[in-house]
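In: after the sequence you'll find the predicted model.
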Amino acid sequence: MTVDALLTLKEVSKKYGNRDVLTDVSLTINRGDCIILRGNNGSGKSTMLRIVSGLIPISSGERLLKHSNLVIGYTPDRLSKLRMTSTEYLTHMGRISDIPKKNLENRIRELHEFFSLEQSNTLKMTQFSKGMLQKTNLMQAMIKTPDILVLDEPFSGLDKESTAHLLNSLKKIKSHGTSILAAVHEPLLASQLENRTYWIRQGRILMDNSDNSSDQSTAFFELEGSVDQETLDRLSGLFSDVTWKTCDSGHLLFTIMQEDYRDFLLEFIHKGGVINNLTRKELKQ
Ligand SMILES: Nc1ncnc2c1ncn2[C@@H]1O[C@H](COP(=O)(O)OP(=O)(O)OP(=O)(O)O)[C@@H](O)[C@H]1O
């Protein structure tokens, strides 16, 4: 563990039953780091985030903290819609963390202001939008100012406006010195936050050495079209950086970084994919 390291995982392995999910994973989180975890569905990202947060035991290896008072805030991939206001929920979470009443009231007000969420006395979380719920999810993780904020797919399901707001909030949190470890599926969002990216593949952790400062990495393409399921499965196996979602029109919208563009397009056309629209875009910094 280096002097500046807040948390270190040393050759950590995790099994569920007899099944190896993570093998010999080592990772150091320093103050101010923003580390993005990527990997296919089921590769072990959430498991790794829960290990870092101290929520689940490891099967072997070591998890070392800089000191025993280190605060790690964890946001799961979704928060349940509870029959209480955000203030009631956060008060409950703050009491669990032993925050004195007066400090807690101030902190809850401060967090609502920071995330631009109205501190309503009547609106229950059952009536919250996805964006409001995600802000509350982050607030509970920050009820005590965290040294490390751990985020599991924080942008999942958010519309454009909420995504932009959350991205700005995370940039601010990062600039205040909080370290961030986040699983982010969407490469464009990941590239706006990260200072290091790791991939989890077959239970092992690999550092992404691609140079994000080059002009090339800022260009990407959006392809709207359709393709059969077999080809979609094949493409997702071949191009792990390419993401897609279903648009309102029922077509698929693929996001393709410049480096994958040519090969992806050839494969897509070759397998009979239909292109309805293709747009080149620039990543805004
Ligand atoms: N509590 C558990 N008991 C048994 N197996 C589990 C448990 N939690 C996760 N797994 C398995 O461990 C593997 C890794 O799961 P994990 O949720 O960490 O992956 P992930 O990369 O976060 O996936 P996704 O991107 O789909 O959220 C999966 O095969 C999953 O089924």
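Out: Ah, there it is. Numbering: from 1, shown residues only.
In: enumerate the residues of this structure near the ligand.
Out: 16, 21, 39, 41-47 (Cβ under 6 Å from any ligand atom). For every residue, glycine as well, the C-beta is placed using N, CA and C.
In: how is this structure divided into domains?
Out: Domain ranges of the chain: 5-207, 215-282, per automatic domain parsing.
In: now the longest helix seen in the chain, how far from the chain's geometric center?
Out: The longest helix of the chain (DSSP state H) is helix 160-175. Centroid separation for helix 160-175 versus its chain: 12 Å, with Cα atoms, centre = their mean, to the nearest Å.
In: what comes up buried for the worst-scoring helix or strand of the chain on mean pLDDT?
Out: In the chain, no helix or strand scores lower on mean pLDDT, DSSP states H and E than helix 187-193, which sits at a mean of 74. Judged by neighbour count (16 or more other Cβ atoms under 10 Å), helix 187-193 contains these buried residues: 187, 189-193.
In: single out the most deeply packed of the domains of the chain.
Out: domain 5-207 (a mean of 17; mean count of other Cβ atoms under 10 Å).
In: now do the least confident helix or strand of the chain: everything it contacts.
Out: By Cβ atoms under 8 Å, 6 or more residues apart in numbering, the residues outside helix 187-193 that reach it are 34, 36, 38, 155, 163, 167, 170-171, 174, 180, 182, 184, 197, 212, 217, 220, 241, 243, 255, 257, 283, 285.
In: what element comes up after it heading to the C-terminus?
Out: Counting by DSSP states H and E, the next helix or strand C-terminal to helix 187-193 is strand 196-201.
In: and the helices in the stretch 51-200 of the chain?
Out: 86-96, 101-114, 130-141, 160-175, 187-193 (DSSP state H, counting those that start in this stretch).
In: distance to residue 68 added to those, as a markdown table?
Out: Shown next, in a markdown table, are the helices of the stretch 51-200 of the chain (distance: least, Cβ to Cβ, whole Å):
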| stretch | distance to residue 68 |
| --- | --- |
| helix 86-96 | 18 |
| helix 101-114 | 21 |
| helix 130-141 | 19 |
| helix 160-175 | 23 |
| helix 187-193 | 29 |
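In: from what I can see residue 222 touches residue 278, true?
Out: Yes - the criterion here is Cβ atoms under 8 Å, and residue 222 meets it with residue 278 at 7.4 Å.
In: what sits against residue 136?
Out: Residue 136 makes contact with 79, 86, 89-90, 117, 125, 128, according to Cβ under 8 Å, 6+ apart.
In: which one of those is nearest to the ligand?
Out: Comparing the contacts of residue 136 against the ligand with Cβ to the nearest ligand atom picks out residue 79 as the nearest, at 15.4 Å.
In: skip the chain neighbours and tell me the closest residue to the closest one.
Out: With Cβ to Cβ, 6 or more residues apart in numbering as the criterion, residue 79 has its nearest non-adjacent residue at 4.1 Å, and that residue is residue 137.
In: before we move on, what about residue 221?
Out: With Cβ to Cβ, 6+ apart, the residue lying closest to residue 221 is residue 256, at 4.6 Å.
In: ditto for residue 76
Out: Nearest to residue 76 is residue 152, by Cβ to Cβ, 6+ apart, at 5.6 Å.
In: so the one you found makes contact with residue 79?
Out: No - contact criterion Cβ under 8 Å: residue 152 and residue 79 do not qualify, at 10.8 Å.
In: one step back: the helix or strand containing the residue nearest to residue 221 - contacts with which helices or strands?
Out: Using DSSP H and E, the element containing residue 256 is strand 252-257. Applying 3 or more Cβ pairs under 8 Å, 6 or more residues apart in numbering; DSSP states H and E, we find strand 252-257 packed against helix 187-193, strand 219-226, strand 243-246, helix 258-270.
In: what's the closest of the ones you listed to residue 232?
Out: Residue 232 lies closest, by Cβ to Cβ, to one member of the helices and strands packed on strand 252-257: strand 243-246, at 7.8 Å.
In: adjacent strands (with direction) for that closest one?
Out: Strand 243-246 sits in its sheet next to strand 252-257 (antiparallel), going by DSSP bridges.
In: mean confidence score for the strand it pairs with?
Out: Averaged over strand 252-257, pLDDT sits at 88.
In: please apply the same query to stretch 147-156.
Out: On average, stretch 147-156 scores 93.
In: outside of it, which residues touch it?
Out: 6-7, 29, 31, 45-46, 49, 52-53, 66, 70-78, 134, 138, 141-142, 163, 166-167, 170, 173, 178-186, 189.
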